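**Q** need coordinates for the following:
(one chain, ligands or ions: 2)
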Amino acid sequence: MNERALSGSRNVAIVGPYLSGKTTLLESLLSVTGAISRKGRVVDGNTVGDSTAEARDRQMTVEINAASTEYGGIRFTFLDCPGSIEFAQETYNALIGVDAAVVVCEPNCDRVLNLSPLFQFLDDWEIPHLIFLNKMDRAHASIAEVLQALQAVSSRPLVLHQYPIRQGEKITGFIDLVSEQAYQYHPGAPADPVPLPDALKDQEQAARTEMLETLADFDDHLLEELLEEIDPPQEEIWQDLKMELGADLIVPVFIGMAEQDFGVRPLLDALLREAPAPEATTEQRGITIEEVNPLAQVLKTYCTPQGGKLSLVRVWQGTISDGAVLNGVRVGGIYQLMGQQQQSLTEAAAGAIVALGRLEGIKTGDTLSFDSQLVNALPKAERSIRSMLWRSPLKNAATR
Ligand SMILES: Nc1nc2c(ncn2[C@@H]2O[C@H](COP(=O)(O)OP(=O)(O)OP(=O)(O)O)[C@@H](O)[C@H]2O)c(=O)[nH]1
Ligand SMILES: [Mg+2]
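**A** Ligands and ions are numbered 1, 2, ... in the order given. The predicted structure is shown next:
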């Protein structure tokens, strides 16, 4: 693998309610970026995300699956997380190691209530997150109704990034609210730019104004421009989106249909443009050690039938080499994962999420370094699931 051609990395968790389409979205992301040549389907049991026998049998994700791809010169490592509430802790353990999260949810007002504990966790940890409203082919409510339902469970303001274009019951494309360019979905290819439909001009303007006003709540310069009725340059809007997403001040919302790859490239473009780089996440967590000794944290522990124990880690600082001794245990292999497949690496640098072999005695959540004393140095995702289940979404809305 040619590491030198890449200028950076981003680690992104794919999270959200049960069966919202996370594993399908991962498959689509891997397919449109060329990491896989044949796109699998959850029902056929041949996706990268659900490749274990248990996941295939149950047709649901039962543990974290990591897969990497390249896009725009950046290595993206995605963590496809289970949606079922019984695996919530698994998801939280992984979330603390990523730079951003994509919350996949259905455009169904009743189901979005389930997102309350997840949003709470993301905001407690200030993990930048955006929403991908999947299954837009099944959207019965209007986009305004879905946003209203979502806003009731998110303490951060939502910022609609794309306005849907409907033809009858069907969503056929979207308008990008920053560039005001309309696009028509195109099976098997990127969406085609098309003229903005006349009938949608007023709705588009209203949605764009709402987006800009929300962004201006955190940017006085933009606020002044809006008050003086100056149309802000696109570059300024992109910068605000990046800054405000990175600081977990806003939650941008995208739409699509992962099964058909619709909306997946714009989502990737947004991650490329707006998701924080690993160094920014390290800084945001307050992780600063003077020397460049390696510092990593275990996000997930696998027991594989062939390879034995594998620890999925986020490298926060320094570089981990194969054979290095961390917490008194020798690293027995470094791997980049693609679902069940492993690719050997000789080392892993800061910003990477990789699997380390044979770290006997090391648990999920542990901090890894040359110094065994630091085993509990980094905070763990220890929020009790029980307390989160009891948190009423209505109570959240009332205290906002
Ligand atoms: N109609 C429609 N169905 C979709 C779309 N995306 C995914 N699905 C279907 O939704 C079902 C669930 O998809 P998954 O990708 O397994 O969902 P998931 O969120 O990974 O599920 P868990 O990990 O078990 O929570 C599958 O039958 C998919 O084919 C879409 O855009 N439109
Ligand atoms: Mg899944």
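**Q** quickly find the element holding the spatially closest residue to His186 that is not a sequence neighbour.
**A** Of all residues not flanking His186 in the chain, Asp192 sits nearest, at 5.3 Å (CB to CB, 6 or more residues apart in numbering). C-betas here are computed from N, CA, C, even on glycine. Assigned by DSSP states H and E, Asp192 belongs to strand 189-194.
**Q** how far off centre is stretch 239-255?
**A** Taking the mean of its C-alpha atoms, stretch 239-255 sits 12 Å from the chain's own mean (CA atoms, centre = their mean, to the nearest Å).
**Q** that stretch and ligand 1, are they touching?
**A** No. Remark: stretch 239-255 sits outside contact range of ligand 1, by CB under 6 Å from any ligand atom, the gap being at least 10.2 Å.
**Q** compute the first-to-last residue distance for that stretch.
**A** Start-to-end span of stretch 239-255 (CA to CA, to the nearest Å) is 21 Å.
**Q** got the buried residues for it?
**A** 239-246, 248-255 (16 or more other CB atoms under 10 Å).
**Q** contacts only, for the residue in the stretch 301-400 of the chain positioned nearest to ligand 1.
**A** Per CB to the nearest ligand atom, Gly339 is where the stretch 301-400 of the chain lies closest to ligand 1, at 12.9 Å. By CB atoms under 8 Å, 6 or more residues apart in numbering, Gly339 lies in contact with Thr47, Val48, Gly49, Ser51, Asn65, Ala66, Ala67.
**Q** name the nearest residue to it, ignoring sequence neighbours.
**A** Among residues not flanking Gly339 along the chain, Val48 sits closest, at 3.9 Å (CB to CB, 6+ apart).
**Q** just checking, that neighbour is part of a strand?
**A** No. Val48: not assigned to a strand; according to DSSP: H, G, I helix; E, B strand; the rest coil it is coil.
**Q** wait, it sits on Ile36?
**A** Yes. With contact defined as CB atoms under 8 Å, Val48 counts as touching Ile36 (6.5 Å).
**Q** confirm Thr301 sits in a helix?
**A** No. Using three-state DSSP, the assignment for Thr301 is strand, not a helix.
**Q** so how far is ligand 2 from it?
**A** Here Thr301 is placed at a distance of 19 Å from ligand 2 (CB to the ion, to the nearest Å).
**Q** same check, this time on Ala275
**A** For Ala275, the distance to ligand 2 - CB to the ion - is 21 Å.
**Q** neighbours around the nearest residue to that residue once chain neighbours are set aside, how many?
**A** Distance criterion CB to CB, 6+ apart; nearest residue to Ala275, sequence neighbours excluded, is Ala100 at 4.1 Å. Using other CB atoms under 10 Å, Ala100 is surrounded by 22 other residues.
**Q** one more: the one 5 residues further on?
**A** The tally of other residues near Cys105 (other CB under 10 Å) stands at 26.
**Q** next one: the one 10 residues further on
**A** Counted by other CB under 10 Å, the residues lying close to Leu115 total 23.
**Q** picking that back up, now intersect the buried residues of stretch 239-255 with the strands, please.
**A** Among these, DSSP state E puts Val251, Pro252, Val253, Phe254, Ile255 in strands.
**Q** just the closest of these to ligand 1, please.
**A** Closest to ligand 1, out of all of these and judged by CB to the nearest ligand atom, is Ile255, at 10.2 Å.
**Q** specify the beta-bridge partners of the closest residue to that closest one other than its chain neighbours.
**A** Among residues not flanking Ile255 along the chain, Leu133 sits closest, at 4.6 Å (CB to CB, 6+ apart). Taking DSSP bridges as the rule, Leu133 bridges to Cys105, Ile255.
**Q** near ligand 1, which residues of the stretch 201-350 of the chain?
**A** Proximity of the stretch 201-350 of the chain to ligand 1, by CB under 6 Å from any ligand atom, involves residues Met257, Ala258, Glu259.
**Q** tell me, how many residues neighbour the residue of the stretch 201-350 of the chain found nearest ligand 2?
**A** The nearest approach of the stretch 201-350 of the chain to ligand 2 comes at Ala258, 10.8 Å away (CB to the ion). A count of nearby residues for Ala258, using other CB under 10 Å, gives 25.
**Q** how close does it sit to Val12?
**A** Distance of Ala258 to Val12, given as CB to CB, to the nearest Å: 14 Å.
**Q** ok, Thr367 next?
**A** 22 Å.
**Q** how about Ile320?
**A** Taken as CB to CB, the span from Ile320 to Val12 is 21 Å.
**Q** any idea how far the one helix or strand Gln336 maps to is from the middle of the chain?
**A** Using DSSP H and E, Gln336 sits in strand 334-338. Distance of strand 334-338 from its chain centroid, counting by CA atoms, centre = their mean, is 19 Å.
**Q** next one: stretch 122-138
**A** On CA atoms, centre = their mean, the centre of stretch 122-138 falls 8 Å from the chain's centre.
**Q** does it come close to ligand 1?
**A** Yes. Stretch 122-138 reaches ligand 1 (CB under 6 Å from any ligand atom) through Asn134, Lys135, Asp137, Arg138.
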